[in-house]
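1. I would like the atomic coordinates for the input below:
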Amino acid sequence: MPKRATIQDVARAAGVSVTTVSRYLNGRYDSMSEKTRAKIAAVIAELGYRPNALAKGLKAQRTETVGAIVVNMSYPFCVGFLRAFSRTLGAAGYHLMVAESEGDAKRERQLIESFVANRVEAIALQTSGANNGYLEDLARDMPVVLVDRAFALDNAYAIGTNNRDASREIAWTLFDLGYKQVVYLTEDERGIPTRTDRLNGYLDACRVALREPVVVRVRRGDWPSFEEALARVDACARKERTAVYTANGLVLMECYRALRALGHRVPDALGIATFDQPDWADLVDPPITCVRQPVEEMGEAAGRMITARLRGEEVASTVLTVPSTVVIHGSTGRGQEPH
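-> Residues are numbered from 1 along each chain as shown. Take a look at the predicted model:
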């Protein structure tokens, strides 16, 4: 028996989004060109697509389900966000579906389409940025909240933190604690606003402190890139008091043991700091200086935005920035010689 065509098959063959096909099927042709309508109609006829009768019968009913897509569900930021997001939605009577994109744009698109096909009423996600056009289209039909990685998309909401300001503050604090050099370890920042903002904050601090920036780009899972970074840190620490500052906790986790194995005394000769607050930051000796992101507040805010929209209430702002906090611990010392 031949496989029955799905709405995803129609969208793929017509070169449009699942949302666009759904609007066509429901006679919502606003912002849809005649060419697009004709193409969808032709594909439906060619594939013999028939909307699921049960789904049509249920269409008027609410699923009371919200989808969330994060990059890595083991990442402390994602865990904290999802916990608070789920709690806020649950208090308002909504259920949460969660998926992990692993930072892959194609997988992200597939997951969004799967959520739409399963009739979620809203989506919150850490997006790669590669599906922005599709997300703008989707945001005309349901609440879409961009979390952490904020892009300016029509109709969508965005929640993030003050990445540039917080990064500038922690880098400046390291100079103020007496470190003559701060080596910044980051993944490729291109296309990722949070990484770009954190890098720029670090560069701001270097300009104010009249220090030469040392930026080393690494690739998680590619140890040779970390070996190069460690060699730069080691060379700097042999010449003058140096701190290493990583752009996120996952980068630090990958190189922390190797940093300590360099043999430089922490924090006297080598300081260690990171953006994010890894769940193990307080378990090592000395504890790690970090930028604590307001993940709980961001999760709660995303939940409030979505539930307000689904109830037809006004949302005060489409963009929300929740400040992060710099937390100084023993890995950088306290009250060291000023720069």
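2. residue 181 against residue 243, yeah?
-> Yes - look at residue 181 against residue 243 with C-beta atoms under 8 Å: they come within range, at 7.4 Å. Heads up, the C-betas are built off the backbone N, CA and C, glycines and all.
3. unless I'm mixing things up, residue 115 is touching residue 97, no?
-> Yes - in this structure residue 115 lies within contact range of residue 97 using C-beta under 8 Å: 6.6 Å.
4. which one of the two is surrounded by more residues?
-> Per other C-beta atoms under 10 Å, whichever of residue 115 and residue 97 has more neighbours is residue 115, with 24 against 16.
5. the residue nearest to that one when sequence neighbours are not counted: what secondary structure?
-> Distances taken as C-beta to C-beta, 6 or more residues apart in numbering put residue 67 closest to residue 115, at 3.8 Å, once the chain neighbours are dropped. Judged by DSSP: H, G, I helix; E, B strand; the rest coil, the three-state class of residue 67 is strand.
6. number of nearby residues for residue 67?
-> 23.
7. also the one 3 residues further on?
-> Counted with other C-beta under 10 Å, the neighbours of residue 70 add up to 24.
8. could you give the bridge partners of it?
-> residue 100 (DSSP bridges).
9. re earlier: which residues do residue 115 and residue 97 both contact?
-> residue 67 (C-beta atoms under 8 Å, 6 or more residues apart in numbering).
10. check the gap between the closest residue to residue 139 other than its chain neighbours and residue 318 for me.
-> Nearest residue to residue 139, sequence neighbours excluded (C-beta to C-beta, 6+ apart): residue 155, at 3.7 Å. According to C-beta to C-beta, to the nearest Å, residue 155 stands 8 Å off from residue 318.
11. again, but for residue 103
-> 25 Å.
12. do the same with residue 213
-> 34 Å.
13. ok, residue 196 next?
-> Computed as C-beta to C-beta, the residue 196 to residue 318 distance reads 21 Å.
14. quick one: the strands in the protein?
-> Taking DSSP state E as the test, the strands found in the chain are 65-70, 95-100, 122-125, 144-147, 157-160, 181-186, 214-217, 242-246, 270-275, 289-292, 319-321, 325-327.
15. which ones are touching the most centrally placed residue in the chain?
-> By C-alpha atoms, centre = their mean, the chain has its centre lying nearest to residue 126, at 3.7 Å. Contact analysis of residue 126 by C-beta under 8 Å, 6+ apart lists 69, 70, 71, 78, 101, 146, 147, 148, 149.
16. and residue 175, by the same measure?
-> Residue 175 neighbours (C-beta under 8 Å, 6+ apart): 182, 205, 209, 211, 339.
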